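3D model of this:
(chains A and B)
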Amino acid sequence: MRRRRTIGLAAFGAAAALLLAACGGSSGSGSGSSSSSGSSTYGAAITSVVNPSTHKGGTLTFGNSSTPDSTDPGNTYYDYMWNFTRLYTMPLMTYKSCPGSCGLQVVPDLATGPGVVSDNGLTWTYHIQPNVKFEDGTTVTSEDVKYAVERTFDRSLFPLGPGYFPLLLAPQKPAYPGPYTDRAKNLMGLNAVQTPNPTTIVFHLAAPFADFNYVAAIPQTAPVPPAKDTGANYQLHPISTGPYKFQSYQLNKQLTLVPNTFWNPATDPNAKQLVSKVVMTMNMNANDIDNRLLAGDLDVDATGTGVQAAARAKILSSSSLKASSDDPIAGFTWFAALNTTVPPLNNLNCRMAIEYAANKTNYQTAYGGPVAGGAIATTLAPPNVVGQKAFDLYDALSKPNGDDAKAKAALKACGQPNGFTVGITYRSDRPKETAAAQALQASLAQVGIKASLHGFPTGTYDSNFAGVPKYESQHDLGISFYGWAADWPDGYGFFYYLVDGKAISPAGNTNLSMLNDPKVNSLLDQMASTNNATTRNSFTSQIDMQVMKDAAVLPGVYAKSLLYRSPNLTNVNVQDYYGMYNYAVLGVK
Amino acid sequence: MAAPLDVFPPSADATLDGALAGVSRKDIEGRSLGQIAWMRLRRDKVAMVGGVVVVLLILIAVVGPHLVQNPDTYNANLINPTFSRPNGPFGGISLAHPLGVEPVTGRDMLSRIVNGAQVSLLIAFLATALAVGIGVFMGVIAGYFGGWVDSVIARSMDVFLAFPLLVFAIALVGVIPSAAFGLSGNALRIGILVFVIGFFNWPYMGRIIRGQTLSLREREFVDAARSIGGRGPYILSRELLPNLVAPILVYSTLLIPTNILFEAALSYLGVGIIPPTPSWGGMLSEAVQNGYYSIDPMYMIIPGVAIFITVVAFNLFGDGLRDALDPRSSR
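All right, here's what the predicted structure looks like:
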């Protein structure tokens, strides 16, 4: 997923918790309720809940520098949207709302408990709470969850979300095309998911997959009532099971949520219903968002990747502003994917030339230097993915300003001694990414690689541009700026959708390197089928090493995000899983 | 008393010469329009200052880029990475960087300003040439032929004047692909900008020339030319145009700063020159839109002052030129 955080030790803890859960123990008993603190100090929200309060009322305002990729829980793949959808959805599982490593635990949400494994790991059974209601008062049944899962099979209608269900569930012949094409059996045509009674749902997997509870925590398992599904238009008004529901949504302009009167807090302890209105305004200028945050006119920067340069300078040089900010490790890597199918980048040596020529210091400075941007990355996986090991194939640490001599040698080896032309894509509404793209263009120019810049808005980056392989090859776009965090706290959850050949998709593609290396694919397959946690985690660094040997990405920084915590907010904590503030529990003063 | 004719005896020359001894032949030669204008211009100190600055700017734009360092070189060591601002006061002014460096990238401001001057002046001059070319042609035709030709041209001038130039430029840049008409990249972008600015500014010149032509065509020398057999093209090119040189010159000079501001505005809106090529408007845009002005005010002040000086210099010079060339104004 784009941007998320995993902590090594906590993931072991989570794996252990899973085992406990499978034995019937409670998985939420870890650190209990987090320490709460009323005082506001720098980084307070990373380890505690700041301004805990039960005060109700007020309007919670979010500012978005672009638009959501989709508000449909079945069709979104942005970290901040998985966070935001918790305001109007209840997936089967979710992450415990608490600060620190506590927040990496996956706990039941719509389900009554974690999945019960049987049949040698091939069957996962969940029981859902009997009295959860949709916003219209109808009771949620297991068929609504099955329908939500079925929708994700239609990759042409919903290309943007992850495709773990088609990947992991037992296949049927002919392949299940999704409920819009297969209208048979009351739209319950997916055989791999059974609903023996309204409160039980059974998943039959193609092969054992120990991480399935994490898959159940993806927003795609949030129930969707078939009678009210409007396909591509469902994003305009998803039927809510969470604390808030859609009141109005002007696409690309503004989204307004109001309290869902049928939400029962007893069924959903990881969310709160405190405010009387939630408003997200789209397409705001990124620096304008920061100015309004600092002025108190806006409560949250929705995308949660940190303030821009001007606000950063203001915050870090003022002790009062600094006390209202947090600098969490965001849990993802900013990098540039090198498209292995766009000539001449299809030649490994040409890609290696880019790895050597890039000025890593300028990349880091574009994001805010070591303090606010993050450490220079030498691997694709950030340090907090379980099993990650540090290595540096292209001298990024010993020669952070690039190695032009080695770059030129690589250019000669790939038959382009005078350089070549290539296109760079990046998200133009993100000033830090724009600055990084310009810095890369300048450093490549020094070895003769003439790069042209192509900026696109975040909202359509994946659906129309960088995420469409045909578009990239037609326009010679060989370098694509991106960020990625694990879908769940281990190596498989980080790597699969980023580097597996099977993950390549005609739209909403996340394997921007178009990498289809049999070695990487086989390592990922082995990882999926290994039950022993230690062995499974040892694959992480092997995959990482092979990906870097293929020079499939140019790593940038292991992201840190300087977040401004508006004094107007209550119940603020950094949710480690998202690497940003937990949106499901926020209130305002 | 001598007869009146006696006042001028045969040796008039000698007497006249004696009377006017000490005064050379040249002093009493009639002066051409150009000479008169130049004298009047010389006396206008403000306009002369403007003129000197204009010449300097053109020199800087033509020669400058070869004299300063590479505008695309990043100097990360001069930047405080946490704050993204240049080390040192006033945006990092030092001997090596007389105008400081840019925030985030550390690129030398002086070389970016000088290279930006080249871009700004190039586009402004080309666009002005286009506007003047079209404007003079249309204005003369409209003024001389009158009738329905005049009506059509005058109405089309109104249409073009009403056109939202900035909006159209943004739309055009979005629609034209990155390679068209045999050009690509910055060459294509400059072409688009010159076309938009020049093509939509011709009514400014057209109206003035049309007015001048309308008054000129009633003059006796035009009648005289017609009476000796001159037709339209002859009259237009040999009789009218030379008399239009003055207003053309003046209003061209006054059109250039307008076009510089248009180019800056388009760069500010993001449809100007493609980065990393510097342009004054682009630097202003980054300074304001990315909030760098609060970190490093010089980043906004320096290109702003550059635009200001350029526009004022051209305006002062143009005003002075108009005063000098206009025979009716009394100085």
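
any idea how far A:Lys406 is from chain B?
Between A:Lys406 and chain B the distance is 19 Å, computed by Cβ to the nearest Cβ, to the nearest Å. In this view, the C-beta of every residue, glycine as well, is placed from N, C-alpha and C.

which element is B:Phe125 on?
helix B:109-145 (DSSP states H and E).

next SSE downstream of that helix?
helix B:147-162.

residues contacting whichever helix or strand comes after that next one, please?
The element immediately downstream of helix B:147-162 (helix or strand, assigned by DSSP H and E) is helix B:165-175. Counting contacts by Cβ atoms under 8 Å, 6 or more residues apart in numbering or on different chains, the residues outside helix B:165-175 that touch it are B:189, B:192-193, B:196-197, B:200-201, B:262, B:265-266, B:269, B:271.

the very next helix or strand once past helix B:165-175 pairs with which strands, parallel or anti?
Per DSSP H and E, the first helix or strand lying C-terminal to helix B:165-175 is strand B:179-180. Partners of strand B:179-180 in the sheet, by DSSP bridges, are strand B:183-184 (antiparallel).

pLDDT of the strand it pairs with, averaged?
Averaged across strand B:183-184, the pLDDT comes to 78.

so what touches the lengthiest helix in chain A?
The helix spanning the most residues in chain A, taking DSSP state H as the definition, is helix A:533-549. Residues from elsewhere that reach helix A:533-549 (Cβ under 8 Å, 6+ apart): A:12, A:15, A:210, A:378-381, A:385-389, A:391, A:393-394, A:490-492, A:494-495, A:499, A:515, A:517, A:519-520, A:523-524, A:526-527, A:530, A:553, A:555.

which element is the residue nearest to B:Ala47 when sequence neighbours are not counted on?
Leaving out its chain neighbours, the residue that sits closest to B:Ala47 by Cβ to Cβ, 6 or more residues apart in numbering or on different chains is B:Gly320, at 2.0 Å. When elements are assigned from DSSP H and E, B:Gly320 belongs to helix B:298-325.

and the angle from that helix to helix B:109-145?
30 degrees (axes from the mean of the first three to the mean of the last three Cα atoms, to 10 degrees).

one step back: list the buried ones in the longest helix of chain A?
Along helix A:533-549, these residues count as buried under the neighbour rule (16 or more other Cβ atoms under 10 Å in any protein chain shown): A:533, A:536-548.

ok, then the element right after it?
Counting by DSSP H and E, the next helix or strand C-terminal to helix A:533-549 is strand A:553-560.

send me that next one as PDB with only the CA atoms.
Extracted as PDB, the C-alpha positions of strand A:553-560 are listed here (Å, rounded to 0.1, in the frame of the first residue of the first chain):
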ATOM      1  CA  VAL A 553      13.800   1.000  -8.300                       C
ATOM      2  CA  LEU A 554      15.800   3.900  -7.300                       C
ATOM      3  CA  PRO A 555      15.300   4.200  -3.500                       C
ATOM      4  CA  GLY A 556      15.000   7.700  -2.100                       C
ATOM      5  CA  VAL A 557      14.400   8.000   1.600                       C
ATOM      6  CA  TYR A 558      12.900   6.000   4.400                       C
ATOM      7  CA  ALA A 559      10.100   8.400   5.000                       C
ATOM      8  CA  LYS A 560       9.600  10.500   8.000                       C
END
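
quick one: strands adjacent to the helix or strand that that strand is followed by?
Next helix or strand after strand A:553-560 toward the C-terminus (DSSP H and E): strand A:563-564. Each strand paired with strand A:563-564, and its direction, by DSSP bridges: strand A:325-326 (antiparallel).

following the partner strand, which helix or strand comes up?
strand A:329-338.

and that next one, which strands flank it?
In the sheet, strand A:329-338 lines up with strand A:477-485 (antiparallel), strand A:553-560 (antiparallel) (DSSP bridges).

which regions of the stretch 201-331 of chain B sit below the pLDDT cut-off?
With pLDDT under 70 as the threshold, the stretch 201-331 of chain B has low-confidence stretches at B:327-331.

that one against chain A: which residues are in contact?
Proximity of the stretch 201-331 of chain B to chain A is confined to B:274-276, B:289-295 under the rule Cβ under 8 Å from any Cβ of the partner chain.

would it be right to say that A:Pro68 lies in a helix?
No: with DSSP: H, G, I helix; E, B strand; the rest coil as the criterion, A:Pro68 is located in coil rather than a helix.

so what's it up against?
Per Cβ under 8 Å, 6+ apart, neighbours of A:Pro68: A:76, A:78, A:81, A:84, A:280, A:282, A:459.

and it, how far is that from B:Glu220?
As judged by Cβ to Cβ, to the nearest Å, A:Pro68 and B:Glu220 stand 75 Å apart.

nearest to chain B: which residue in the stretch 351-500 of chain A?
A:Gly369 (2.4 Å; Cβ to the nearest Cβ).

that residue against B:Ala76, yeah?
No: using Cβ atoms under 8 Å, A:Gly369 makes no contact with B:Ala76, being 9.3 Å away.

is any part of the helix or strand containing A:Leu444 close to chain B?
Per DSSP H and E: A:Leu444 is located in helix A:431-445. Yes: applying Cβ under 8 Å from any Cβ, one finds helix A:431-445 touching chain B at A:431, A:435, A:438-439, A:441-443, A:445.

farthest-separated two in those residues?
Pairwise distances across those peak at 21.2 Å for A:Pro431 and A:Ala445 (criterion: Cβ to Cβ).

more crowded one of those two?
Applying other Cβ atoms under 10 Å in any protein chain shown to A:Pro431 and A:Ala445 shows that A:Pro431 carries more neighbours, namely 24 against 17.

now do the contacts for the more buried one.
Contacts of A:Pro431 (Cβ under 8 Å, 6+ apart): A:286-287, A:308-309, B:290.

switch the cut-off to 6 Å
A:286, A:308, B:290 (Cβ atoms under 6 Å, 6 or more residues apart in numbering or on different chains).

next, the angle strand A:477-485 makes with the helix or strand that comes right after the helix holding A:Leu444.
Using DSSP H and E, the helix or strand that directly follows helix A:431-445 along the chain is strand A:450-456. Interaxial angle of strand A:450-456 relative to strand A:477-485 (the same axes, to 10 degrees): 50 degrees.

report the buried residues of strand A:450-456.
Within strand A:450-456, the residues that count as buried by 16+ other Cβ under 10 Å are A:451-456.
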